[in-house]
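**Q** Sequence and predicted structure below; questions after.
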Amino acid sequence: MNETTRSELISSLAEAIRSATTTHPLRVAIDGPPAAGKTTLADELATVLREQGRDVIRATIDDFLFPRAQRYRRGQYSAESCYFDAHDRAGLCRVLLDPLGPGGDRRFQTSVYDRDTDTPLSLPVAAASADSVLLFDGVFLLRPELIDRWDLRIFVSVPLEQTVDRARNRATAMAGSAADTEIERSWQYRYIPSQQLYFATAHPTDHADIIVYNDQLQRPTWEVRHH
């Protein structure tokens, strides 16, 4: 276990990416519960890698959602719905992970869904260089249907009760205290139980190459797992 400053952590992760060798773009999963700090970590890492001259593709699971009617078909507060119905995993593999993988043509898209309009989206196709890095953040990335699509697997770990506080603080900053009750309910009935379901069925930390313990944002600890 390594306790480090934030910048040391990002440097270490950048080094892990630099030392990973593939003949195709390196596909990096940054998994973890909601409000664990995945997006921030991925953005910080992207900045450092770009400064080092790497071509970085940034994408997130939120751009691979199904429309709301499908996401909530078992109910707004259903953990099963959150885990099984929310994300277009087949679309993610088809337009992004497989084209960047072994034998892929490196022609990719970073989204299939427009959150603002709640409709499917068809982006122009982009072309990746062979040595580019995909930094992909999101929930449930190390589940069985996706586990083989990643070349490096990072799990950002935070106690689930702490994620509620972070989500509440984030929402209050954006929308005021009226959002509190909705967040409490969503976390209690949808997000935390869906993470518990994920851990019980997919055991994501067993499959992670690196686990980042992000309880203290400025003093994270991390460990490399050897499989």
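**A** It's in.

**Q** just for the protein, where's the confidence low?
**A** 3, 171-179, 227 (pLDDT under 70).

**Q** now the strands: where do they sit in it?
**A** Assigned by DSSP state E, the chain shows strands spanning 2-3, 26-31, 56-60, 107-108, 113-114, 119-120, 126-127, 133-137, 152-157, 210-213, 221-224.

**Q** what's next to the third one, contact-wise?
**A** So the one you mean is strand 56-60. Strand 56-60 has contacts (Cβ atoms under 8 Å, 6 or more residues apart in numbering) with 25, 39, 42-43, 46, 49-50, 96, 100, 108, 110-111, 128, 132-138. Bear in mind the C-beta positions are built from the backbone N, C-alpha and C, glycine included.

**Q** same thing but 10 Å
**A** Outside strand 56-60, the residues that touch it by Cβ atoms under 10 Å, 6 or more residues apart in numbering are 17, 25-28, 30, 38-39, 42-43, 45-50, 92, 96-97, 100, 108-111, 126, 128-129, 132-138.

**Q** Please identify the buried residues of it?
**A** Using 16 or more other Cβ atoms under 10 Å as the test for burial, strand 56-60 gives Val56, Ile57, Arg58, Ala59, Thr60.

**Q** nearest to Ile183, of the residues you listed?
**A** Checking the buried residues of strand 56-60 against Ile183 with Cβ to Cβ, the nearest one is Thr60 at 19.9 Å.

**Q** For that closest one, give its distance to Ser157.
**A** Going from Thr60 to Ser157 by Cβ to Cβ, to the nearest Å gives 19 Å.

**Q** so what's Arg54 up against?
**A** Going by Cβ under 10 Å, 6+ apart, Arg54 touches Ala14, Ile17, Arg18, Leu26, Ala46, Val48, Ser129, Asp131, Ser132, Val133.

**Q** let's see 7 Å
**A** Arg54 makes contacts with Val133, as judged by Cβ atoms under 7 Å, 6 or more residues apart in numbering.

**Q** Okay, it and Glu161: tell me how far apart.
**A** Distance, Arg54 to Glu161, by Cβ to Cβ: 36 Å.

**Q** Please apply the same query to Pro204.
**A** Distance of Pro204 to Glu161, computed by Cβ to Cβ: 18 Å.

**Q** more neighbours, those two?
**A** Higher neighbour count among Pro204 and Glu161: Pro204, with 24 against 9, using other Cβ atoms under 10 Å.

**Q** okay, now the nearest residue to Val156 once chain neighbours are set aside: neighbour count?
**A** Setting aside the residues directly before and after it, Val156 is nearest to Gly32 in space (Cβ to Cβ, 6 or more residues apart in numbering), at 3.4 Å. The number of residues packed near Gly32 is 30, by other Cβ under 10 Å.
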